[in-house]
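Participant: structural data only, the sequence is not supplied:
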């Protein structure tokens, strides 16, 4: 179905953006540049980018010491998966 393809494309784009933002924030943290607010990273995770944020956390070793990220991002990933699965079941 077209709507499912659009949702998958959306999720891919949001997760790529989230992953790139984690890498960018890590570079900025090392060089002392302007940082990406944690609220923005959590916002991306909330709207479907949790897999990208989670992957970026461990690939870049960024925010892994923050309890809010170690618990919050996997929780949001679970929420994203459940909501997407329910949506797919509803659409079919």
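Facilitator: Thanks, I have the structure now. Predicted, not measured: the structure shown is a model, and the values here were computed from it.

Participant: can you pull the contacts of the nearest residue to residue 68 once chain neighbours are set aside?
Facilitator: Ranked by Cβ to Cβ, 6 or more residues apart in numbering and with sequence neighbours excluded, the top spatial neighbour of residue 68 is residue 38, at 7.6 Å. Where you see a C-beta, it was placed from the backbone N, CA and C, and this is true even at glycine. Contact partners of residue 38, counting by Cβ atoms under 8 Å, 6 or more residues apart in numbering, are 63, 66, 68-69.

Participant: make it 10 Å
Facilitator: 25, 63, 66, 68-69, 72 (Cβ atoms under 10 Å, 6 or more residues apart in numbering).

Participant: can you redo these as a markdown table with pLDDT, distance to residue 85 and neighbour count?
Facilitator: Shown next, in a markdown table, are the contacts of residue 38 (pLDDT from 0 to 100; distance: Cβ to Cβ, whole Å; neighbours: other Cβ atoms under 10 Å):
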| residue | pLDDT | distance to residue 85 | neighbour count |
| --- | --- | --- | --- |
| 25 | 97 | 30 | 22 |
| 63 | 95 | 27 | 20 |
| 66 | 95 | 28 | 13 |
| 68 | 96 | 25 | 10 |
| 69 | 97 | 24 | 20 |
| 72 | 97 | 20 | 18 |
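
Participant: make TSV from those residues and add secondary structure and distance to residue 83 to it.
Facilitator: Below are these laid out as TSV (DSSP: H, G, I helix; E, B strand; the rest coil; distance: Cβ to Cβ, whole Å):
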residue	secondary structure	distance to residue 83
25	helix	26
63	coil	23
66	coil	24
68	helix	21
69	helix	20
72	helix	16
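
Participant: the helices in this structure, which residues?
Facilitator: For the chain, the helices defined by DSSP state H occupy 2-31, 38-44, 50-59, 67-91.
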